[in-house]
Structure formats: structure tokens, C-alpha cells
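J.: Show me how the following folds:
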Amino acid sequence: MGQQQLLLLVFGVIIVGIAIIAGINVYVVNFDQALVDNIVNRNLEIANSAVFYKTKMDPYNGGNMSYELLGDSGLETLSMSSTTNFGTFAITNATETTLEITGIGLRNPDIGVRTYISGYGIDSSRVSYVGDITIE
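T.: Numbers count the residues shown, from 1 in each chain. As a prediction, this is how the structure comes out:
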């Protein structure tokens, strides 16, 4: 082989290596985003059930216009599991008019989502990739 052919071969190997590394990085970013999307979706399902629970009156095993009873064993009261294939979930704060739902990723525990409910609507959601959202 001539020097030119060896040089082309080396450049080809370097380009393929860079492409593989870039592909792995894109996969990791997409995997993390898919995990966040699934956690947000589950938080919204819990929020929907909590708002429905709040509107039911006591004879129907409801919250009597309050989220307070969901503070201790909220997910069990709503008949929802606290763990899925994607994360662990909990109601971390419940008052009469506000609710806080927290989800932490199972495969990447640094990823956390906290959803805030005020009244009958979702106020906001906060996503963290650095592990500062935890379930106490």
C-alpha cells in the first residue's frame, strides 16, 4: 500500500470513530428526554386523578374540595402505583388548595420532575437533570 492509501485509511477510521461517538451522545440525550417525557406524563396522570378526587364529596369517598387527605398515602388513596417502569412517584406536599407531585427516574436517578397543582389546574412543572429533586 502506498502512503496515500494508508493516509486515506487512517482518515476513514477517524471519521467513523467520530461518527460513532456522536451517535452514542445523541442516543444518551434522546434516552434522557424520553425518560423525562414519561415521568411528566405520569405526573399529569396523578394530577388528573387528584383533581377528580378533590371534586368528589365525602359520601363518594372524595376529598371534600381539599387535597389535604392525599398528603399521607395519596397514591394509595387514588389507587395508583408509586412505581412504574420509568420512575418512582410520590405526593410530596398536600394542602387544602395545592398539591406537589414528584417523580424520580429509575434508570437515571438524577432526573426528577416536580409538578405543582394550584386549585383545579396544573400551575407548573420543574425538570432537573442534576439530582436536586428528591422524594423525601
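
J.: Check the secondary structure at residue 90 for me.
T.: strand (DSSP: H, G, I helix; E, B strand; the rest coil).

J.: in the chain, what secondary structure element scores lowest on mean pLDDT?
T.: Sorted by mean pLDDT, DSSP states H and E, the helices and strands of the chain end with helix 70-77, the least confident at a mean of 86.

J.: Identify the residue nearest residue 57 in space, chain neighbours excluded?
T.: Closest residue to residue 57 apart from its sequence neighbours, by Cβ to Cβ, 6 or more residues apart in numbering: residue 64 at 6.0 Å. From N, CA and C alone the C-beta is placed, and that goes for glycine too.

J.: quick one: the spatially most central residue of the chain from residue 132, how far?
T.: With the centre of the chain defined as its mean C-alpha position, the nearest residue by Cα atoms, centre = their mean is residue 39, 2.5 Å away. Distance, residue 39 to residue 132, by Cβ to Cβ, to the nearest Å: 15 Å.

J.: Then residue 125?
T.: The span separating residue 125 from residue 132 equals 15 Å under the rule Cβ to Cβ.

J.: Can you pick out the residue with more neighbours from those two?
T.: For residue 125 versus residue 132, the count of surrounding residues by other Cβ atoms under 10 Å is larger for residue 125: 17 against 10.

J.: which stretch of helix or strand covers that one?
T.: Taking DSSP states H and E as the criterion, the element that holds residue 125 is strand 121-128.
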